[in-house]
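Trainee: Pasting a predicted model and its sequence here:
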Amino acid sequence: MAKMYYNGDINEGLLKDKTIAIIGYGSQGHAHAQNLKDSGFNVVVGIREGKSFDQAKEDGLEVYSVKEAAEKAEVIMILLPDERQKAVYEAEIAPALTAGKSLVFAHGFNVHFDQIVPPADVDVFLVAPKGPGHLVRRTYESGAGVPGLFAVYQDATGNAKETALAYAKGIGAARAGVLETTFKEETETDLFGEQAVLCGGTTALVKAGFETLVEAGYQPELAYFETLHELKLIVDLMYEGGLSTMRYSISDTAEWGDFVSGPRIIDASVKDRMKEVLTDIQNGKFAKEWIEENATNRPKYNAIKKAEAEHQIETVGEKLREMMPFINEGKKQVKKEVVT
Ligand code: NDP
Ligand code: MG
Ligand code: MG
């Protein structure tokens with residue numbers, strides 16, 4: 001079994017003397033900044049003026065421009081959207097990257113696909129929580145944590161691994177377990193997971209199920225409950241105890257249907273296409289197209305986003321959720337709960 005690191009395996013002393021700049025204060029940024037601060041580390045936030053800037057101030061953090069924060073800190077964590085990192089890095093972070101500092105990421109995309117090429121005399125590593133930012137904060141506050149990955153890309157000081165583990169402990173990831181990886185492995189598996197299973201695969205499966213029922217004349221509200229709402233209840237059981245705990249809880253009829261019909265839906269052809277998706281990630285085709293899409297102001301992204309928002313499953317769901325206010329109880333601080 002792969003080596004997992006937990007709180008007891010990690011000495012965070014080395015990071016305690018340093019200043020950590022959290023660049024960006026969105027889904028991951030607010031969680032890292034607040035968790036590290038609550039863990040007793042020196043944290044500053046670097047962010048452009050605007051909504052996030054105001055929020056970080058309101059949350060009681062020390063807030064600066066990106067450039068100032070990068071100058072003040074020895075450890076610089078970039079938590080900007082992946083597609084904006086290159087421009088902000090070149091203009092405001094690179095000039096402050098003096099020898100011996102640490103440049104840190106939560107996802108390997110920009111380094112792995114050569115968008116950001118750090119100088120040779122700094123440490124470069126990633127600490128990637130395997131969960132949405134708002135849960136990184138919420139679980140930390142409740143004494144738990146979201147598991148994480150770390151990877152060292154460049155070890156200029158000889159301390160990169162120790163610093164990465166200390167950072168992972170500071171955000172609470174080592175309560176759940178931290179696993180060592182490489183930038184290549186983290187980037188490729190993260191992109192594959194979100195495209196094939198977690199986000200892309202799941203939304204396509206849910207929509208296809210919803211449409212099949214509605215087109216057959218069943219009520220859309222019922223189809224929503226059946227194919228979207230109940231999915232969370234099923235996935236919670238999988239999260240708690242794997243496939244067998246979920247199957248233990250459902251009826252034998254449901255379990256028999258799972259066995260005989262599941263493989264008819266997700267058959268070998270689906271796996272073949274998953275391999276194609278993985279190949280496009282590995283050979284850089286996906287990254288190239290996403291970088292080009294951003295360079296041309298996202299014409300396809302915007303069109304698809306609009307069409308998706310207008311899908312019947314969204315309009316029906318919005319009305320039904322209004323009648324279930326308890327669903328959104330934890331949502332006040334959750335502006336964005338995405339897996340990215
Ligand atoms: P968000 O989109 O939630 O947050 C982005 C932040 O960057 C906002 O505070 C935004 O501020 C700020 N920002 C955007 N553009 C600029 C700019 N030009 N200059 C200064 N600040 C700017 O990002 P995420 O937290 O989703 O992603 C951050 C990183 O974490 C990415 O590398 C992602 O892959 C990784 N990651 C994300 C996960 C997640 O749960 N979301 C999970 C694991 C990894 P403003 O309010 O001004 O727009
Ligand atoms: Mg991702
Ligand atoms: Mg991910």
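Mentor: Nice, I can see it. Ligands and ions are numbered 1, 2, ... in the order given.

Trainee: Only alpha carbons, please: show the lengthiest helix in the chain as PDB.
Mentor: Counting by DSSP state H, the longest helix found in the chain is helix 230-249. Listed next in PDB are the C-alpha coordinates belonging to helix 230-249 (Å, rounded to 0.1, in the frame of the first residue of the first chain):
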ATOM      1  CA  GLU A 230     -31.600  10.800  -4.700                       C
ATOM      2  CA  LEU A 231     -28.100  10.500  -6.200                       C
ATOM      3  CA  LYS A 232     -26.700  12.300  -3.100                       C
ATOM      4  CA  LEU A 233     -28.300   9.800  -0.700                       C
ATOM      5  CA  ILE A 234     -26.800   6.900  -2.700                       C
ATOM      6  CA  VAL A 235     -23.400   8.500  -3.000                       C
ATOM      7  CA  ASP A 236     -23.300   9.300   0.700                       C
ATOM      8  CA  LEU A 237     -23.600   5.600   1.400                       C
ATOM      9  CA  MET A 238     -20.800   4.800  -1.100                       C
ATOM     10  CA  TYR A 239     -18.600   7.500   0.600                       C
ATOM     11  CA  GLU A 240     -19.200   5.900   4.100                       C
ATOM     12  CA  GLY A 241     -18.600   2.300   3.200                       C
ATOM     13  CA  GLY A 242     -17.900   1.700  -0.500                       C
ATOM     14  CA  LEU A 243     -20.200   0.000  -3.000                       C
ATOM     15  CA  SER A 244     -21.100  -2.800  -0.600                       C
ATOM     16  CA  THR A 245     -22.500  -0.500   2.100                       C
ATOM     17  CA  MET A 246     -24.700   1.200  -0.500                       C
ATOM     18  CA  ARG A 247     -25.800  -2.100  -1.900                       C
ATOM     19  CA  TYR A 248     -26.500  -3.400   1.700                       C
ATOM     20  CA  SER A 249     -28.900  -0.500   2.200                       C
END
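
Trainee: Up against ligand 1, what does the protein have?
Mentor: Within the chain, the positions near ligand 1 by C-beta under 6 Å from any ligand atom are 24-29, 47-48, 50-52, 66, 79-82, 84, 88, 106-107, 128-129, 132-133, 336, 338, 340. Quick note: C-beta positions are derived from backbone N, CA and C, even for glycine.

Trainee: just the strands in this protein please.
Mentor: 4-5, 19-23, 42-46, 62-64, 75-78, 102-105, 123-129, 148-154, 178-180 (DSSP state E).
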